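1. Next one to model:
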Amino acid sequence: MKMHHPVVQRTFATIVAAFVACTLAAFAFAQTDTALPSPKDALSGPALVNVLRRGGYVIYFRHTSTDFGQNDEAMTSYDDCTKQRNLTEQGRADARAIGVAITRLQIPIGDVLASPFCRTIETARLIFGRATPSLAVRGGPATNDGDRYADLRRLLSTPVPRGVDVAIASHGNPFRAVAGTPYLAEGEAAVIEPRGSEGFRIVARITKDGWNALAP
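-> Predicted structure coming up:
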């Protein structure tokens, strides 16, 4: 009978543990890296305004500020706002201010899609004056299990015609699941370049107060 030396066993276990830890660390880094534009791809200031004015991008918003004293646990339908977490008055004011800034910047907006939750529909309507509910951008878990966000990923990858940008009002979890960490803050937006079969690339993130800073 062969005997396995305990030192060898411990050494092998240490190597396996280190390999697993490195793999997990690399995966975590990759997830984080996808959420932020690389330095060569990042856009800001006039350059960002110019590409948005030309169109062809997706602007993904997380809804503006909400009342965390409320939750969605008892909701039975998207239409009943009384059983959901809703925007605060500050969140409504923030959405209106974003809308004013986007209009002032003369950024052309085509389709406006919103998760069917009340807070996302209201965010879209306050910013853009309209919203089309879409299950493709609905909320959910922060991990991309199975095909949960396949439609969202497809939407973010589909080229947008020049001359307009597509706007999405959604949640923090879906964005984290398909693009990685960190979360978008409430009211923050990611500017996304769809790349067809190559997926999509995030070229900028704009805080809720950052739109005014883009103005000439």
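2. Would you mind identifying the next helix or strand past the helix or strand of the chain with the lowest mean pLDDT?
-> The element with the least model confidence among the helices and strands of the chain, by mean pLDDT, DSSP states H and E, is helix 6-35, at a mean of 37. Secondary structure here is assigned by DSSP states H and E; on that basis, the next helix or strand after helix 6-35 toward the C-terminus is helix 45-54.
3. Output that next one as CSV, nothing but the C-alphas.
-> What follows is helix 45-54 as a C-alpha-only set of coordinates in CSV (Å, rounded to 0.1, in the frame of the first residue of the first chain):
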residue,chain,number,x,y,z
GLY,A,45,-15.8,67.0,-21.6
PRO,A,46,-16.3,68.3,-25.2
ALA,A,47,-15.2,65.0,-26.8
LEU,A,48,-18.0,63.2,-24.9
VAL,A,49,-20.6,65.8,-25.8
ASN,A,50,-19.5,65.6,-29.5
VAL,A,51,-19.9,61.8,-29.8
LEU,A,52,-23.3,62.0,-28.0
ARG,A,53,-24.5,64.7,-30.4
ARG,A,54,-23.5,62.5,-33.4
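4. Specify the angle between the helix or strand that that helix is followed by and helix 45-54 in degrees.
-> Beyond helix 45-54 in the direction of the C-terminus, DSSP H and E gives the next helix or strand as strand 58-62. Here strand 58-62 points in a direction 110 degrees away from that of helix 45-54 (axes from the mean of the first three to the mean of the last three C-alpha atoms, to 10 degrees).
5. Name the surrounding residues that touch strand 58-62.
-> With C-beta atoms under 8 Å, 6 or more residues apart in numbering as the contact definition, strand 58-62 has outside contacts at 52, 98, 109, 123-124, 127, 155-156, 160, 165-172, 175, 183-192, 194, 200. C-beta here means a position set from N, CA and C on the backbone, and glycine is covered the same way.
6. Parallel or antiparallel, list what pairs with that strand.
-> Using DSSP bridges, the strands paired with strand 58-62 in its sheet are strand 165-170 (parallel), strand 189-194 (antiparallel).
7. Show the buried residues in the contacts of strand 58-62.
-> In terms of neighbour count (16 or more other C-beta atoms under 10 Å), the buried residues within these are 52, 98, 109, 123-124, 127, 155-156, 160, 165-172, 175, 184, 186-192, 194, 200.
8. Report the secondary structure state of residue 110.
-> Applying DSSP: H, G, I helix; E, B strand; the rest coil to residue 110 yields a three-state assignment of strand.
9. Give the closest residue to it in space, chain neighbours not counted.
-> Take residue 110 and drop its neighbours on the chain: the residue closest to it by C-beta to C-beta, 6 or more residues apart in numbering is residue 164, 3.3 Å away.
10. what does residue 78 give?
-> residue 116 (4.0 Å).
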